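[1] When you get a sec, could you give me coordinates for this:
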Amino acid sequence: MDKLIEKLYFYYDTILQNAPGFLTGLIVLFIGFTIANYGKKIIQNKIKTKVKNTLSGLFIAQIISGVIKIFSLVLFLDLIGFQNITSKILAGAGILTFIIGFAFKDIGENFLAGILLAFKSPFQENDLIETENVIGYVKELRIRETIIKTTDGKDVFVPNSQILKSPLINYTIDGFLRNEFMLGIDFSSDLSKAIEVIIESVSKTEGVLLGEKKPTVVIDEFATSTINLKVFFWLDTFKSSSKSYHLAIRTQVMKNALLTLTDNGFSLPSSIVEIKQYEG
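    Numbers count the residues shown, from 1 in each chain. You can find the predicted model right below:
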């Protein structure tokens, strides 16, 4: 406790002895942080036009901004008389070591993971991805976390190390996104005819891909009162990454399939519940 008090007195005396330098240091610190913040915006705008993956550019801009702020802080400490602290910082393994060494372990881990994600580029801005049961569109890659806008509108901050360590599914990287839904038809129905009708209906819906990605229908299960058919179809995510765009096509596909089946005389029964009454 006495050693702590002695150190506090030492720092207090040092600041008093370097009062002019303290004021200068504050000015330097303010200017440095201002340059870092405005420089970050300028660098982001410049890099965006020169790199394919804008997320990588934004991440690089954040690192440069952070380095400027650290230099400003080191210069501030030097001006107010704490040269011994700055010399220890600079005598280490550089500014990066200072950032990681004085931060929490997970911050350093996430920072390094962010660097790998920025240069490996497993996803780009507005890509639809899934990681650790989080599904959504990538909005920003930060030094510590990646911001994902889920399909129900939530902003999820996922640690970069979690994304790097866990399986990552990118639904947008090749421009194809598969959708599926279930339809239950009566046991007496002509299965071949029903499948043919559904495929024809889905194929005619605008936005659904054909050719190698043409719609398919499979028998999923024999339920209590229905034969459940699973319908698969593909969308082109390069046309739009908007959730509303995909949902609009899905809605139209399901609507067309239902109307086409009923128009062709197919029955879509609901679950049947059998009630038995026993006399006491």
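
[2] Now do the helices in the protein.
    Remark: helices assigned in the chain by DSSP state H are 2-17, 19-48, 54-79, 83-91, 95-101, 105-120, 160-165, 191-203, 243-263.

[3] Nearest residue to Ile173 in space, please, no chain neighbours.
    Asp127 (6.7 Å; CB to CB, 6 or more residues apart in numbering). For glycine as for every other residue, the C-beta is placed from the backbone atoms N, C-alpha and C.

[4] got the contact list for that neighbour?
    With contact set as CB atoms under 8 Å, 6 or more residues apart in numbering, Asp127 has these partners: 137-138, 170-173, 241.

[5] Now list the buried members of the residues you listed.
    Using 16 or more other CB atoms under 10 Å as the burial test, these include 137-138, 171-172, 241 as buried.

[6] could those be laid out in TSV, adding pLDDT and distance to Phe157?
    Listed next are those as TSV, based on pLDDT from 0 to 100; distance: CB to CB, whole Å:
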residue	pLDDT	distance to Phe157
Tyr137	88	14
Val138	90	12
Tyr171	80	20
Thr172	78	20
Ser241	66	20
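
[7] TSV for those, including distance to Phe181?
    As requested, the buried ones among the contacts of Asp127 are exported to TSV (distance: CB to CB, whole Å):
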residue	distance to Phe181
Tyr137	22
Val138	26
Tyr171	17
Thr172	21
Ser241	21
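
[8] which two in those are spaced the farthest apart?
    Val138 and Tyr171 (11.1 Å; CB to CB).

[9] so what sits against both of those two?
    In contact with both Val138 and Tyr171: 127, 129, using CB under 8 Å, 6+ apart.

[10] how close does the residue nearest to Ile173 get to Asn170?
    6 Å (CB to CB, to the nearest Å).

[11] Repeat that for Ile135.
    When CB to CB is the yardstick, Ile135 and Asn170 sit 11 Å from each other.

[12] any common contacting residues for these two?
    Common neighbours of Ile135 and Asn170 (CB under 8 Å, 6+ apart) are 128-129.

[13] Can you get me a residue count around the closest residue in space to Ser161 that isn't next to it in sequence?
    The shortest distance from Ser161 to any non-neighbouring residue, by CB to CB, 6+ apart, is to Ala113 (4.2 Å). Counted with other CB atoms under 10 Å, the neighbours of Ala113 add up to 22.

[14] Might one say that Ala113 is in contact with Ser166?
    No - judged on CB atoms under 8 Å, Ala113 makes no contact with Ser166 at a distance of 11.0 Å.

[15] mind listing what the residue nearest to Ser267 when sequence neighbours are not counted touches?
    With sequence-adjacent residues excluded and distances taken as CB to CB, 6+ apart, Ser267 is closest to Asp186, at 4.1 Å. Contact analysis of Asp186 by CB under 8 Å, 6+ apart lists 226-227, 266-269.

[16] now swap in Asn37 and tell me
    Asn37 touches Ser65, counting by CB under 8 Å, 6+ apart.

[17] let's number from 7 now, not from 1
    That works, and once the first residue is 7, the last one we named lands at Asn43.

[18] Please tell me how far it sits from Phe77.
    Using CB to CB, Asn43 is found at 14 Å from Phe77.

[19] Also Ala42?
    According to CB to CB, Ala42 and Phe77 sit 9 Å apart.

[20] ok now do the residue nearest to Ser167, which residues does it touch?
    Applying CB under 8 Å, 6+ apart to Ala119 gives the contacts 165-167, 169-170.

[21] Check what pLDDT the closest residue to Val259 other than its chain neighbours gets.
    Residue nearest to Val259 in three dimensions, not counting chain neighbours: Thr211, with 4.9 Å by CB to CB, 6+ apart. pLDDT, Thr211: 93.

[22] How many residues are close by Thr211?
    Neighbourhood size, Thr211 [other CB under 10 Å]: 18.

[23] my guess is it contacts Gln258, does it?
    Yes - under the criterion of CB under 8 Å, Thr211 makes contact with Gln258 at 5.4 Å.

[24] Low-confidence bits of the stretch 7-156 of the chain, can you list those?
    7-29, 31, 49-66, 85-113 (pLDDT under 70).

[25] Repeat the analysis, applying 50 as the threshold.
    Low-confidence segments of the stretch 7-156 of the chain (pLDDT under 50): 99, 109.

[26] List the contacts of the residue lying closest to Pro173 once chain neighbours are set aside.
    Closest residue in space to Pro173, ignoring its immediate chain neighbours: Thr137 at 7.2 Å, by CB to CB, 6+ apart. Contacts for Thr137 (CB under 8 Å, 6+ apart) come out as 164, 168-169, 172-175.
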